[in-house]
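Trainee: Just need the structure, nothing else, for what follows:
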Amino acid sequence: MPEFLRSELEEMVDRWITTNQTCESERDWRPLADLYAPDATYGWNLGPKEEFMAVGRDEIRDIALGAEMGGLDGWEYPYERVLIDEKLGEVIGLWRQLADSTDALGNRYEIAGIGGSWFGYAGNFTWAWQRDFFDVGNATHTFIEMIKANALSAGMQARIERASSKNLLPGHYVIGQGPSSLWPKTTNSAADLGPK
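Mentor: Residues are numbered from 1 along each chain as shown. Got it, this is the predicted structure:
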């Protein structure tokens, strides 16, 4: 993988976070798709049996940021830390997941634990790939608490009903059977990263 200028990666991160904040305020995640390369991949794990993977900018826009993030409009994902490795051309952003509704005490619902995104840079201010990580158990717990409190938006209710289908939804795959691995092929192995 080529080495990139740190200043370029820092600008990419600034563009990403600014666009993310705009999408939060406009309640539409799809404009983030413009920051991916045309052949980019975006995926995450959904527990011991299932994973999600979108391939290409159109699938990222329509499935990952449209269908999968549908119902999460109004949620916020503030980045608490961003780590940049210009030699690998990779970025890790650590974020929180804050719901658009509050509990009986007036506190915003939040998915506990640390969430994050691991990005590979493609150049030209686009991502080659993104892999998200978050605690599926904590996410499920928070959604159940919100259901009990009747605190889900109509969009989130529809999203949960859709996810309850017995059939795999678009972009959902049995673990290891997706069109791209959760471990990007462009990443150096641990052996490559060790002392020389």
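
Trainee: Please make it C-alpha for all contacts and neighbour counts, starting now.
Mentor: Fine.

Trainee: three-state assignment of the spatially most central residue of the chain?
Mentor: Among the residues of the chain, the one closest to the centroid is Asp132, at 4.5 Å (Cα atoms, centre = their mean). With DSSP: H, G, I helix; E, B strand; the rest coil as the basis, Asp132 sits in strand.

Trainee: Against which helices or strands is the top strand by length along the chain packed?
Mentor: Counting by DSSP state E, the longest strand found in the chain is strand 108-123. When contacts are defined as 3 or more Cα pairs under 8 Å, 6 or more residues apart in numbering; DSSP states H and E, strand 108-123 packs onto strand 90-102, strand 126-133, helix 136-148.

Trainee: The ones you listed: which one's closest to Tyr173?
Mentor: Closest to Tyr173 of the helices and strands packed on strand 108-123, according to Cα to Cα: strand 126-133, at 15.0 Å.

Trainee: so where do the helices sit in the protein?
Mentor: 6-26, 57-59, 136-148, 154-163, 190-193 (DSSP state H).

Trainee: Can you name the residues that contact the closest residue to Ala158 other than its chain neighbours?
Mentor: Leaving out its chain neighbours, the residue that sits closest to Ala158 by Cα to Cα, 6 or more residues apart in numbering is Gly71, at 7.3 Å. Applying Cα atoms under 8 Å, 6 or more residues apart in numbering to Gly71 gives the contacts Ser153, Ala154, Gly155, Met156, Gln157, Ala158, Arg159.

Trainee: of all the residues you listed, which comes closest to Gly178?
Mentor: Using Cα to Cα, the contacts of Gly71 come closest to Gly178 at Arg159, 21.7 Å.

Trainee: Please report how far the residue nearest to the closest one when sequence neighbours are not counted lies from Asp85.
Mentor: Closest residue to Arg159 apart from its sequence neighbours, by Cα to Cα, 6+ apart: Gly71 at 5.9 Å. Gly71 is 33 Å from Asp85, where distance means Cα to Cα, to the nearest Å.

Trainee: same deal with Asn138?
Mentor: In terms of Cα to Cα, Asn138 sits 29 Å off from Asp85.

Trainee: Low-confidence stretches in the chain?
Mentor: 1, 186-196 (pLDDT under 70).

Trainee: could you redo the last one with a cut-off of 80?
Mentor: Low-confidence segments of the chain (pLDDT under 80): 1-2, 165, 186-196.

Trainee: check contacts around Ile92.
Mentor: Val82, Leu83, Ile84, Gly116, Ser117, Trp118, Phe119.

Trainee: Save the residues you listed as TSV, and put in distance to Ala104 and neighbour count too.
Mentor: What follows is these, written out as TSV (distance: Cα to Cα, whole Å; neighbours: other Cα atoms under 10 Å):
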residue	distance to Ala104	neighbour count
Val82	33	15
Leu83	36	13
Ile84	39	16
Gly116	28	21
Ser117	31	19
Trp118	35	17
Phe119	37	21
